[in-house]
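[1] Let's see this in three dimensions:
(one chain, ligands or ions: 1)
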Amino acid sequence: MTRRIGAGSLVIATHNAGKLKEIAALLGPHGVNCLSAGSLGLPEPAETGTTFVENALIKARASAQASGIVSLADDSGLSVAALDGRPGVCTADWAERQWFEGKPGRDWYMAMGKVEGLLCEQGPETPRDAWFSCVLALAWPDGETAVYEGRVDGSLTWPPRGKLGFGYDPVFVPTGREVTFAELDPEEKHRISHRADAFAKLVADQFS
Ligand code: IMP
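    Predicted coordinates:
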């Protein structure tokens, strides 16, 4: 049986305030008090893994070791079947721009265009199947870990459609729908997303 977090403190190994808020809202009802790695001054480790699981474990282990408290980290991204799973762990990197609109930042239109360009190079019959993954990793200070993997399948469309969501949402049409993630009501997206899938697995294992 998986080791349980139980009621108590859990460090969320992210420096992203939005992610912390979202995760705290999901786990609060289960008696978990979420602390952020950022507010504890924990360093951000380099994400040197080649899979979402490796990167989530790197972040969770670093946080558990530095804080002495059980920690949760996530790693997510888009994989495209015809591109052998790329961009995968490089999902955010494909949007990296030295100078975007006058300042360093991420350009999601450029990233979506890069994926589309690579698919076009393979010809019009190339399958457009893709999936978003979300891996949640728990790590205890003594080294024990648990991993939960979520996924949502779909296909890529072009040009991008919709103004909701973020990242690659405007080109991702989830299986069984005709709209992109960026056209879907956010509550609906949160019900069917890779993150929802991973959290449902974590909650079922940890709190049922
Ligand atoms: P990370 O897990 O914060 O490293 O995020 C990886 C990248 O994957 C994000 O910057 C997004 O571009 C992409 N990504 C993850 N989840 C989603 C999603 O739900 N919609 C669109 N893009 C996503």
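
[2] Using the three-state scheme, assign residue 190.
    Classification of residue 190 into helix, strand or coil gives helix, according to DSSP: H, G, I helix; E, B strand; the rest coil.

[3] OK, contacts around it?
    residue 196 (C-beta atoms under 8 Å, 6 or more residues apart in numbering). (Glycine included, C-beta is placed from N, CA and C.)

[4] Could you list the residues of this structure in contact with the ligand?
    By the rule C-beta under 6 Å from any ligand atom, the part of the chain lying against the ligand is 74-78, 91-92, 132, 165-169, 181, 193.

[5] Which of those fall in strands?
    74, 75, 76, 77, 78, 132 (DSSP state E).

[6] ok, for the third one, nearest residue in space, not its chain neighbours?
    Once its chain neighbours are removed from consideration, residue 76 has its nearest residue in residue 134; the separation is 4.2 Å (C-beta to C-beta, 6 or more residues apart in numbering).

[7] average pLDDT for the helix or strand hosting that neighbour?
    Here residue 134 is covered by strand 129-139, with elements defined by DSSP states H and E. Looking at strand 129-139 alone, the average pLDDT works out to 98.

[8] Could you do stretch 70-85 as well?
    The average pLDDT within stretch 70-85 is 97.

[9] Begin at 35, not 1, for the rest of this chat.
    Understood, numbering begins at 35; the last thing we discussed is stretch 104-119.

[10] Might one say that residue 200 is in contact with residue 146?
    No - here residue 200 does not reach residue 146: they are 11.8 Å apart, not a contact under C-beta atoms under 8 Å.

[11] most centrally placed residue in this structure?
    residue 110 (2.5 Å; C-alpha atoms, centre = their mean).

[12] circling back to that earlier point, okay, residue 200 and residue 146: which has more neighbours?
    Between residue 200 and residue 146, counted using other C-beta atoms under 10 Å, the more crowded position is residue 146 (23 against 11).

[13] so who does that one touch?
    By C-beta under 8 Å, 6+ apart, residue 146 lies in contact with 194, 202, 204, 205.

[14] which of those lies closest to residue 120?
    Ranked by distance to residue 120 (C-beta to C-beta), the contacts of residue 146 are led by residue 202 at 12.4 Å.

[15] Around the residue lying closest to the closest one once chain neighbours are set aside, count how many other residues there are.
    Leaving out its chain neighbours, the residue that sits closest to residue 202 by C-beta to C-beta, 6+ apart is residue 112, at 4.9 Å. Other residues within reach of residue 112, judged by other C-beta under 10 Å, total 28.

[16] does residue 112 really touch residue 164, like I thought?
    Yes - under the criterion of C-beta under 8 Å, residue 112 lies in contact with residue 164, with a separation of 6.1 Å.

[17] Pull up the overlap in contacts between those two.
    Once C-beta under 8 Å, 6+ apart is applied, the residues that residue 112 and residue 164 both contact turn out to be residue 206.

[18] returning to what we had before: who does the strand holding residue 168 touch, helix- and strand-wise?
    The helices and strands touching strand 163-173, judged by 3 or more C-beta pairs under 8 Å, 6 or more residues apart in numbering; DSSP states H and E, are helix 86-101, strand 105-114, strand 179-190, helix 228-241.

[19] Output the below-cut-off pLDDT ranges for this structure.
    Across the chain, residues meeting the criterion (pLDDT under 70) sit at 133-138.

[20] Right, I'll call it a day here.
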